[in-house]
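In: Below is the sequence, then the predicted model.
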Amino acid sequence: MRLKLEKRGEPSRLMLYATPVAAVLITMIVGAIIFSAIGYNGLAAVYQVFVAPLVTVYKWQDIALKASPLILIGVGLAVGNRAAIWNIGAEGQYVVGALGGVGIGIATLNMHGPWILPLMVLGGLAGGAVWGSIPALLKTRFNVNETLSSLMMTYVAIHMMNYFVTGPWKNRKGFSYPQTPPLTHDQMMPTLIPGTQVHYGVLFTLIIAVGMWLVMSRSVFGFQVRVIGSAPNAARHGGFSQKLTVWFVFLLSGALAGLAGVFEVTGPYGQMTLGFPQNYGFTAIIVAFLGRLNPLGVILAGIVMAITYVGGDLAQSAAQLPNASKGIFQAMVLFFLLASDILIRYRVRIVGGAPVPVVTPARSPAE
Amino acid sequence: MTDIPRLSLRGLSKSFPGVLANDNVSFEVKPGEIHALLGENGAGKSTLVKMIYGIMQPDAGEIFWNGERVVIHNPKAARKLGIGMVFQHFSLFEALTVLENIALGMDAKIPQRELEGRIRQVMELYGLKLDPRRIVADLSVGERQRIEIVRALLLNPSLLIMDEPTSVLTPQEVDQLFAVLRQLAQEGCSILYISHKLHEIKALCGTATILRGGKLVDTCDPRVETSRSMAEKMIGGNLKDIQKPVGKGFGAEKFVVTELNVPAAGHFGTELKDISFRVHAGEVFGIAGVAGNGQTALQLALSGETVTQDRDAIRINGDAVGELHAKARRLRGLATVPEERNGHAAVPDFTLSENSLLTGRDRLKLAVSGIIHPTRARKYTGEVISAFAVKATGTEATAGSLSGGNLQKYIMGREILQRPEVLIVNQPTWGVDAGAAAAIRQALVDLAAAGSAIVVISQDLDELLELCDTLAVINGGALSKAMKVSDADINEIGLLMGGIHGDAEATRHVAEEQAHHAA
């Protein structure tokens, strides 16, 4: 008896949606085994990472706050990945977006008015888009692989942030801590739900995700992105420009990452610190794939990943897991998801009989 | 020589998910016999020879070789028995020489010098002209095929399988190939010759086995059958002739190409040189040529997928469009069908109605101001499916789930129902079964009769002669003068196809010979 992979006539829609769920479940099982094997209480670890945040009501706002940037960045990356354009540098675009917002914030520290916050948001959009435009330029002009250039630009962004936070934008009244001056009331994102930290950025994130779903499924732009990703020659035949699509995708995903950055800095953070980058830009890559590159799926996937962020913190105190363990869980989700993707196009069949030996010709005597 | 068959198949069956590719197929090939294996695409010819050559294993049935039952586990085992095969698609490294390519394909390691000697010997013996030191990239398709033949002959095969060998050859090259095959057969080598070109089979083969839907439907003597009778056995029905309008003149000039020049794309691309031709309303203009002579580059340049700096090089209804991209040209009434169906003409992962959006969204208003109207796309796709008898589960079937012939019918229908002013098609019936091919050709003729200008690029000369009013030959990226099909000379066309790009010496040789005969 052996297992055999058979190509399906049509890709399975059931598997398309079932495999992300399966990937999370397998991660929980394997995670429990691994952490038990290295001397932790594996079941408790999995419970803390995946379940505890859900059953603890006061943790829900944390989930919402963590999910918001993941979803916003993930939606942008989902569009890019649909076009087979690989923006790995969302973390950098996120940081530069936040810097764009904070830069305007520092320039307007002594001013008042309802125009300041929208201007900072625009600064965030622009910062992310500018950072995204560099790999786009390199790819369209010099055919530089965008995976590498966008990733490398992330490190440039982080060093740039370090420079501003420890240098020209450092808070002079901050006891020499490396951080920018706190944003004023007019510069902060207003709270959406009273008594929590959930701010209007979370609402905008949801609106944008649903809007992008409409764009991807109903507009010629969304169609163009999908054709470019699925069959580049057919896209050219249909009159779509590969170069323009690269530009669109990088400007869009950069701007959304930048927006996430400015929401974060005008929301929970209130200022820039050296600890500002939280790897949301990288985790959002997992979110995009786990959400099946569909903006609505990205919302769900963003919540799942946010749970692992919150749960990872809980597991540190409750199950004495190291901080890095949440990264292990997140990576396992992506790993199992990509591995199970084969089931969309293939089905597994159990075939009877011994495997066919691969040897030289066996001749039977003449009959 | 005994009367034990060289190869005997008894009850071979092979199934794939959802398809019975071969169903209880039995036949024999005698020593020294040239045996044709005939059938439409999907009839199971390829599966059958893959089992003989050891690439696949039969699910049931037995193979006998010189009277002994054998199990052929892999191609190496097949070669050891004395079975050689020349594939339709060559496996050659373009950057290496002929000699290096042959050396790489040998099972046994032979010193280069000795191998070169043996190659020259085989070439001498069979009159195959080829310099072993030449780089493959510089060779014509016919010459490349000779490498594969030499490679097979070096093993002294007693059965040679040829898979659609003439689809890439000029008429003269076909004659040369047939001479080699006849010589081989005379020496006792059996040949299993796969083709769907019936007049070739009549000229070459002594026996023909016809497959349809995986089953053996007949074994006949092609010399006493007519092409038509064999074709009808292949498709299992009556063959329709193309209905051409009679005595209808052409209208105004619709599509004019003037000294179109396009640099070569990539290292092994073909440069287009001073291409000029004009097509009138109601005219079907054919472009013949051996594969790899610039057909793809020409298709891309005409469709606007590559643009030229010279805007006057291409005119549609008098408008200069050379600088315009595909979308803008399409809005001016140009429709195109590229050669490659999956991934170029259509997106295999997308549904048919999404594929209708690909080329019809602007002309047919399937999308307005950037918003897609899915119901309009579905409606149009439904019209295409019913007008062209496309076999699909519906408008939401993915393009990749359709068979080659059905997808091609859909693609042709998608363009034709847009009522284009000018339609350019590359290889309209390549890999399409005879029934679908006839329907596609008829649709092209009907579109021309309705006043469109049509350009057909094809490697199938018979198709062009049947379909076109005017014909030109592309060779090495240059286009010959156009000639009327009614007074075209097949020998002249063949010589133009061979041209300077192919084996110049052989072409000259043939030309001299013909001049001699004519004198």
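Out: Received, thanks.

In: if I look at the closest residue to A:Asp186 other than its chain neighbours, how far off is chain B?
Out: In space, and not counting its chain neighbours, A:Asp186 is closest to A:Ile116: 5.0 Å by Cβ to Cβ, 6 or more residues apart in numbering or on different chains. All C-beta atoms are positioned from the backbone trio N, CA, C, and that covers glycine. From A:Ile116 over to chain B the distance is 33 Å, taken as Cβ to the nearest Cβ, to the nearest Å.

In: Could you do A:Met212 as well?
Out: 15 Å.

In: now the one helix or strand B:Leu496 maps to, how far from the centre of its chain.
Out: In this assignment (DSSP states H and E), B:Leu496 forms part of helix B:490-498. How far helix B:490-498 lies from its chain's middle: 18 Å, per Cα atoms, centre = their mean, to the nearest Å.

In: average pLDDT for that helix?
Out: For helix B:490-498, mean pLDDT is 83.

In: Show me which residues of the stretch 201-350 of chain A are close to chain B?
Out: A:218-221, A:223, A:226-227, A:230-231, A:233-234, A:236-241 (Cβ under 8 Å from any Cβ of the partner chain).

In: redo that, cut-off 7 Å
Out: Contact residues (Cβ under 7 Å from any Cβ of the partner chain) of the stretch 201-350 of chain A with chain B: A:218-221, A:223, A:227, A:230-231, A:233-234, A:236-239.

In: For A:Tyr155, grab the count of nearby residues.
Out: For A:Tyr155, the tally of surrounding residues (other Cβ atoms under 10 Å in any protein chain shown) stands at 12.

In: Now it: closest residue in space, sequence neighbours ignored.
Out: A:Gly92 (7.5 Å).

In: Helix or strand next in line after the helix or strand hosting the one you found, which one?
Out: Counting by DSSP H and E, the element that carries A:Gly92 is helix A:90-107. Sequence order places helix A:116-142 as the next helix or strand after helix A:90-107, per DSSP H and E.

In: Put the alpha carbons of the helix holding B:Leu496 into CSV.
Out: The C-alpha trace of helix B:490-498 is given here as CSV (Å, rounded to 0.1, in the frame of the first residue of the first chain):
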residue,chain,number,x,y,z
ILE,B,490,4.6,24.2,-53.8
ASN,B,491,8.3,23.7,-54.7
GLU,B,492,8.9,27.4,-54.7
ILE,B,493,7.2,27.8,-51.4
GLY,B,494,9.3,24.9,-50.0
LEU,B,495,12.5,26.5,-51.3
LEU,B,496,11.5,29.8,-49.7
MET,B,497,10.8,28.0,-46.4
GLY,B,498,14.3,26.4,-46.5
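
In: ok, and the helix or strand in chain A with the lowest average confidence?
Out: Of the helices and strands making up chain A, the lowest-confidence element is strand A:362-363, at a mean of 40, by mean pLDDT, DSSP states H and E.

In: buried stuff in the helix holding B:Leu496?
Out: Buried residues in helix B:490-498, counted by 16 or more other Cβ atoms under 10 Å in any protein chain shown: B:Ile493, B:Gly494, B:Leu495, B:Leu496, B:Met497, B:Gly498.

In: What parts of the stretch 1-150 of chain B come near chain A?
Out: By Cβ under 7 Å from any Cβ, the residues of the stretch 1-150 of chain B that approach chain A are B:17-18, B:57, B:67-74, B:77, B:80-81.

In: whoops, chain B was the one
Out: B:17-18, B:57, B:67-74, B:77, B:80-81, B:303, B:305, B:325-327, B:330, B:338, B:343-350, B:357-359, B:361, B:367, B:370-372, B:398, B:401.
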